[in-house]
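Student: Kindly generate the corresponding structure for this input.
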Amino acid sequence: MTVMPEAVLSALLGLFGLYVAGVTFSLQQLSDRYSPRLLPRLRRRHVSPHLGVLAALVAVAGGLVAGKNHDWATPVALLLLLGSVVYALKLLPQGWGLASLDLQQGWLNQDDLTPDIVQDMLSRLTLRRDGVALVTVLSGVSGRDELEAALTTWFEDRPDLLTERWCGPVVVQAWTHGLAEHNAQRRRGALIETVSRRLQLPGAPGVGDLVLQIMSAVKQSDTWGEDLKQVVVDLGLILTYEPGEPATRTLRALTGEVQLAQEWFEIKVEHIRHTAVDVSTEQAAWFADLLGTLLRKLPEEWLIVETRKFAERPEMNGKWTDVMGLELLNGLDWASRSIRRHPERYPTEGLPDSESLLAEPTLAILRAMRYVPMDDNYRRYLAQKVQLGPEFQRRKEEAIGVTAAVPDEQLQELLPEPTVTRGGDWFQAVCRGLKRRGNR
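Tutor: Numbering: from 1, shown residues only. Presented below is the predicted three-dimensional model:
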């Protein structure tokens with residue numbers, strides 16, 4: 001019996017050598033593909049625990065054999081060594097298989113990463129144009145603020161990479177996963193830049209799929225706020241206009257893949273409307289703010305129609321607020337001015353036919369606002385939004401329940417001086433001023 005533990009120990013040492021060789025080879029493969037700075041962390045997580053178990057088993061068995069204090073010591077030591085052999089046999093394929101870790105979802109633990117390691121990995125995979133490794137890195141950093149910030153900064157310094165087929169779509173796919181209000185500001189730049197650069201390529205290949213992914217992620221988010229709204233607004237702007245200064249930029253030609261992307265954008269805005277109205281008053285108010293902002297930024301006919309559909313939804317009964325209605329009327333007012341400036345852009349060919357486009361959403365909003373508690377001067381102020389014609393003005397006054405609009409000079413006396421607030425929206429300041437006057 002005295003020979004058997006030594007023989008088993010020799011076999012165990014041979015298996016241990018094979019395991020160490022496999023681990024060394026596998027970790028070197030991962031190091032070459034990602035970053036040498038990962039090696040200490042990977043050893044600590046994937047190797048050290050197994051070596052610790054083997055060392056403990058061998059140490060206990062060795063102690064029993066060396067002590068020989070009891071007759072049962074040698075058999076127990078033999079069993080421990082045999083158990084170590086079985087454990088080593090199970091570890092052997094794992095050691096050699098560590099090189100295929102990157103085929104497993106979520107193998108890259110966030111605890112293994114630092115911002116410097118993330119940027120080192122990105123630099124290495126860029127040289128190889130390794131889209132699979134990029135997916136791994138993006139999945140590994142997702143959800144950890146400082147790692148996402150490091151990745152975002154890296155791409156901001158190398159925006160041309162987002163044009164590459166192996167990079168841009170991968171970034172959008174990863175960054176739309178788990179897109180929410182708390183990370184939208186950080187991810188927005190890469191998402192919008194990827195779509196913008198894809199639009200500049202001949203034929204804009206794949207831009208429709210990118211827009212669909214982004215808008216679907218916004219719709220599925222459980223938290224909507226200012227940053228997610230800005231994602232939608234920025235996406236709408238680059239789909240509608242060519243790059244350039246706001247005063248001189250031209251409309252983008254909607255052909256082929258660009259037209260598909262625009263259609264997906266419109267469809268998803270409608271889907272978001274359905275969700276917002278059904279969820280809560282807060283979400284409905286968020287969508288009203290989104291519509292108002294879109295109407296000011298890109299007053300398209302489909303947005304005016306979308307505003308009418310939103311205002312006419314029965315589910316909106318009881319959800320209207322004065323700020324919500326003002327935001328939409330303000331957007332429609334900007335749309336009416338845009339029609340005057342650029343009548344050629346609208347199928348209605350400008351005034352006076354544009355009343356048929358703007359009348360229904362405006363009247364629907366005013367009818368809904370009729371039952372919202374507010375000061376009468378504020379009602380008259382709302383009734384003067386969206387100026388199109390005297391007959392239309394009379395219908396607006398009837399819709400909101402005022403007998404006559406305040407003359408312009410008197411209205412100016414009632415309203416406070418415009419105040420520039422965050423985002424340049426002084427209308428909320430106007431509302432607060434009117435309410436204060438009504439309470440006196």
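
Student: quick one: residue 374 and residue 381, what's the gap?
Tutor: Distance, residue 374 to residue 381, by CB to CB, to the nearest Å: 10 Å. (Each C-beta comes from the backbone N, C-alpha and C, glycine too.)

Student: okay, now the residue nearest to residue 209 when sequence neighbours are not counted: neighbour count?
Tutor: Distances taken as CB to CB, 6 or more residues apart in numbering place residue 169 nearest to residue 209, at 7.5 Å, with adjacent residues excluded. Neighbour count for residue 169, taken as other CB atoms under 10 Å: 20.

Student: right, and residue 169 touches residue 206 too?
Tutor: Yes: the pair residue 169 / residue 206 is scored as a contact, 6.3 Å apart, by CB atoms under 8 Å.

Student: Outline the domain layout of the chain.
Tutor: Residue ranges for each domain of the chain read 3-103, 300-415, as given by automatic domain parsing.

Student: From the centroid of the protein, which residue is nearest?
Tutor: Centroid check for the chain by CA atoms, centre = their mean gives residue 179 as the closest residue, at 3.2 Å.

Student: Now do the same contact list for that residue.
Tutor: Applying CB atoms under 8 Å, 6 or more residues apart in numbering to residue 179 gives the contacts 187, 214, 217, 218, 221, 228, 231.

Student: Tell me the one of those residues nearest residue 258?
Tutor: Nearest to residue 258 among the contacts of residue 179: residue 214, at 15.2 Å, using CB to CB.

Student: so how far is residue 368 from that closest one?
Tutor: 31 Å.

Student: Please identify which of the two sits among more neighbours.
Tutor: Using other CB under 10 Å as the criterion, residue 214 and residue 368 rank with residue 214 on top: 27 against 22.

Student: any idea which element that one lies in?
Tutor: Per DSSP states H and E: residue 214 is located in helix 207-220.

Student: Show me the longest helix that occurs in this protein.
Tutor: Assignment by DSSP state H gives helix 3-33 as the longest helix of the chain.

Student: What is that helix packed up against?
Tutor: Packed against helix 3-33 by the contact rule (3 or more CB pairs under 8 Å, 6 or more residues apart in numbering; DSSP states H and E) you find helix 39-42, helix 48-67, helix 73-97.

Student: Contact partners for residue 131?
Tutor: So residue 131 contacts 166, 167, 170 (CB under 8 Å, 6+ apart).

Student: Just the mean pLDDT for stretch 189-203, thanks.
Tutor: Averaged across stretch 189-203, pLDDT comes to 91.

Student: buried set for it?
Tutor: 189, 190, 191, 192, 193, 194, 195, 196, 197, 198, 199 (16 or more other CB atoms under 10 Å).

Student: now that stretch: how far from the chain's centre is it?
Tutor: Centroid displacement of stretch 189-203 relative to its chain, using CA atoms, centre = their mean, to the nearest Å, is 16 Å.

Student: Could you dump the buried residues of stretch 189-203 into a markdown table with distance to residue 53 and secondary structure added?
Tutor: Formatted as a markdown table, the buried residues of stretch 189-203 follow (distance: CB to CB, whole Å; DSSP: H, G, I helix; E, B strand; the rest coil):
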| residue | distance to residue 53 | secondary structure |
| --- | --- | --- |
| 189 | 46 | helix |
| 190 | 43 | helix |
| 191 | 45 | helix |
| 192 | 50 | helix |
| 193 | 48 | helix |
| 194 | 46 | helix |
| 195 | 50 | helix |
| 196 | 53 | helix |
| 197 | 51 | helix |
| 198 | 51 | helix |
| 199 | 56 | helix |
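
Student: Buried only: go through the contacts of residue 131 for me.
Tutor: Here, 16+ other CB under 10 Å leaves 167, 170 buried among the contacts of residue 131.

Student: so which strand or helix has residue 382?
Tutor: Going by DSSP H and E, residue 382 is part of helix 376-383.

Student: Show me which residues of that helix are buried.
Tutor: 377, 378, 379, 380, 381, 382, 383.

Student: Report the backbone C-alpha coordinates of it in CSV.
Tutor: This file holds the C-alpha atoms of helix 376-383, laid out as CSV (Å, rounded to 0.1, in the frame of the first residue of the first chain):
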residue,chain,number,x,y,z
ASP,A,376,-59.1,82.9,-18.3
ASN,A,377,-56.3,85.1,-19.6
TYR,A,378,-54.2,82.0,-20.1
ARG,A,379,-57.1,80.5,-22.1
ARG,A,380,-57.2,83.6,-24.3
TYR,A,381,-53.4,83.3,-24.7
LEU,A,382,-53.7,79.7,-25.8
ALA,A,383,-56.5,80.6,-28.2
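
Student: Would you check how far apart the residue nearest to residue 368 when sequence neighbours are not counted and residue 255 are?
Tutor: Setting aside the residues directly before and after it, residue 368 is nearest to residue 320 in space (CB to CB, 6+ apart), at 4.8 Å. Residue 320 sits at a distance of 39 Å from residue 255 (criterion: CB to CB).

Student: more neighbours, those two?
Tutor: residue 320 (22 against 10).

Student: Any idea how many residues pack against the closest residue to residue 58 other than its chain neighbours?
Tutor: What sits nearest to residue 58 in space, not counting adjacent residues and going by CB to CB, 6+ apart, is residue 84, at 5.9 Å. Residues near residue 84, counting by other CB under 10 Å, number 24.

Student: May I see the buried residues of stretch 130-137?
Tutor: For stretch 130-137, burial by neighbour count (16+ other CB under 10 Å) applies to 130, 133, 134, 135, 136, 137.
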